[in-house]
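A.B. asks: build the 3D model from these lines:
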Amino acid sequence: MTTFPLIDLSDVIRPDAAPAARQAVVDAVARACATVGFLAVTGHGVPQRAIDDLTAASYAFFDLPMAEKLRVRRPKPEQNRGYIPPGDETLARLAGNETPPDLKEMFAIGPFDLPDTPYFTGPAAYPSLAANLWPAQPAALEPALRAYWHAIQQLIDTLGRVFARALDLPDSFFAEKLDKQISQLRVMHYPPPSAAPLPGQLRAGEHADLGMMTLIHSDNDVGGLQLKDRAGRWIDAPVVPGAFMVNLGDLMMRWTNDRWISTPHRVVNPPANADWRSRRLAIGMFVIPNYDAEIACIDSCRGTGATYEPVTVAQYRTQRFARTAGAQPAY
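C.D. replies: So this is what the prediction gives:
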């Protein structure tokens, strides 16, 4: 049975940590990336206040009437911005499968306060850097999203350095590809079921993420996250107090020539008797490098040859993400 890795990052954050302790963390992360593709991390440095404020403001947003939430509805399928209502996303399509839509609703933002220069505002920037939609209600949501975005950057930087050391790369390798990142912050709300799911319908269908990595904070494991191990078995991902769930995406798998894995995962339906206890909020930071960054095999992972042709971030992910958009139901 697969053991879910739980790793304390304190020794790669503390400036006075012994070199051997730092290396032990790097080695543990490398093992998790090569065998599971998922890990839970503590000692990450993200303030609990940023998590709590965004959690409270997000629940308040999702409690609003549908008409109010639709004021900031996602404008186009290829944009991961604004409110994405129930029935409007089918993640199983990323794996080439067709199922009923996922049983969730979301609110999403991307980078903000960007320079007015061609890189950020020209044609090549779309849809990676499309404008955000900020809701008027609740007033606390926009500042909470902004604060969380800034707070989690330290964890992104830390993991980038750890990944680089594990792959015999300069510490700055990933940071240089994230200095104009097109990451996406998605708050995913899984309400208690109001009816039985359709055949094959899940809270989030089986898929692998398209980016570099994803950082998830969840408040409930009733009807929660599962990952598929290399033997094809579904493993429950634990909700560890104070921890972030980290999983690798397809871009990291391509960078490492399949040494590290982008693991299929899903969010399952709660038991029929779970009622209100199954309400769940997951805050996901989908870390995506600069849209023009090249994803090519890292030298330390080349072996006898590269499995994948080089590709830019935008070339790989834009069209694939747009396929997840479902039918546009009337509200």
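
A.B. asks: use CA for all of it now, contacts and neighbours both
C.D. replies: OK.

A.B. asks: mind listing what's buried in the longest helix along the chain?
C.D. replies: When the chain is parsed with DSSP state H, its longest helix is helix 141-166. For helix 141-166, a neighbour-count test (16 or more other Cα atoms under 10 Å) marks 141-142, 144-149, 151-152, 155-166 as buried.

A.B. asks: how far off centre is that helix?
C.D. replies: Put simply, helix 141-166 sits 12 Å off its chain's centre (Cα atoms, centre = their mean, to the nearest Å).

A.B. asks: give the next helix or strand downstream of it.
C.D. replies: The helix or strand immediately downstream of helix 141-166 is helix 173-177, counting by DSSP states H and E.

A.B. asks: mind listing what's buried along that following helix?
C.D. replies: Within helix 173-177, the residues that qualify as buried are 174, 175, 177, counting by 16+ other Cα under 10 Å.

A.B. asks: who's in contact with it?
C.D. replies: 157, 160, 161, 164, 289, 290, 293 (Cα atoms under 8 Å, 6 or more residues apart in numbering).

A.B. asks: repeat that with 10 Å
C.D. replies: 156-165, 181, 212, 288-295 (Cα atoms under 10 Å, 6 or more residues apart in numbering).

A.B. asks: before we move on, back to that, so which of the buried residues of helix 173-177 comes closest to residue 238?
C.D. replies: For those, the residue nearest residue 238 by Cα to Cα is residue 174; the value is 27.9 Å.

A.B. asks: assumed residue 214 was part of a strand.
C.D. replies: Yes - applying DSSP: H, G, I helix; E, B strand; the rest coil, one finds residue 214 inside a strand.

A.B. asks: need the pLDDT of it.
C.D. replies: Note for residue 214: predicted pLDDT of 98.

A.B. asks: repeat for the one 10 residues further on
C.D. replies: In the prediction, the pLDDT value recorded for residue 224 is 90.

A.B. asks: how about it: what's its closest non-neighbour residue?
C.D. replies: In space, and not counting its chain neighbours, residue 224 is closest to residue 267: 5.2 Å by Cα to Cα, 6 or more residues apart in numbering.

A.B. asks: for residue 191, same thing?
C.D. replies: Distances taken as Cα to Cα, 6+ apart place residue 279 nearest to residue 191, at 4.8 Å, with adjacent residues excluded.

A.B. asks: any regions of the stretch 1-150 of the chain where pLDDT drops low?
C.D. replies: Where the stretch 1-150 of the chain drops to pLDDT under 70, the residues are 1-2.

A.B. asks: could you redo the last one with a cut-off of 80?
C.D. replies: The stretch 1-150 of the chain contains residues with pLDDT under 80 at 1-3.

A.B. asks: got the residue ranges for the strands in it?
C.D. replies: 6-8, 38-42, 82-84, 105-109 (DSSP state E, counting those that start in this stretch).

A.B. asks: tell me the angle the longest helix of the chain makes with strand 105-109.
C.D. replies: Here helix 141-166 runs at an angle of 80 degrees relative to strand 105-109 (axes from the mean of the first three to the mean of the last three Cα atoms, to 10 degrees).

A.B. asks: helix 141-166 vs strand 38-42, what angle?
C.D. replies: Interaxial angle of helix 141-166 relative to strand 38-42 (the same axes, to 10 degrees): 110 degrees.

A.B. asks: how near is residue 205 to residue 198?
C.D. replies: According to Cα to Cα, to the nearest Å, residue 205 and residue 198 sit 12 Å apart.

A.B. asks: neighbour count winner among the two?
C.D. replies: The neighbour comparison of residue 205 against residue 198 (other Cα atoms under 10 Å) goes to residue 205, with 27 against 10.

A.B. asks: can you tell me which residues contact that one?
C.D. replies: Applying Cα under 10 Å, 6+ apart, we find residue 205 in contact with 89-95, 97-103, 264-268.

A.B. asks: the residue lying closest to residue 228 once chain neighbours are set aside: neighbour count?
C.D. replies: Closest residue to residue 228 apart from its sequence neighbours, by Cα to Cα, 6+ apart: residue 234 at 4.5 Å. Using other Cα under 10 Å, residue 234 has 16 neighbouring residues.
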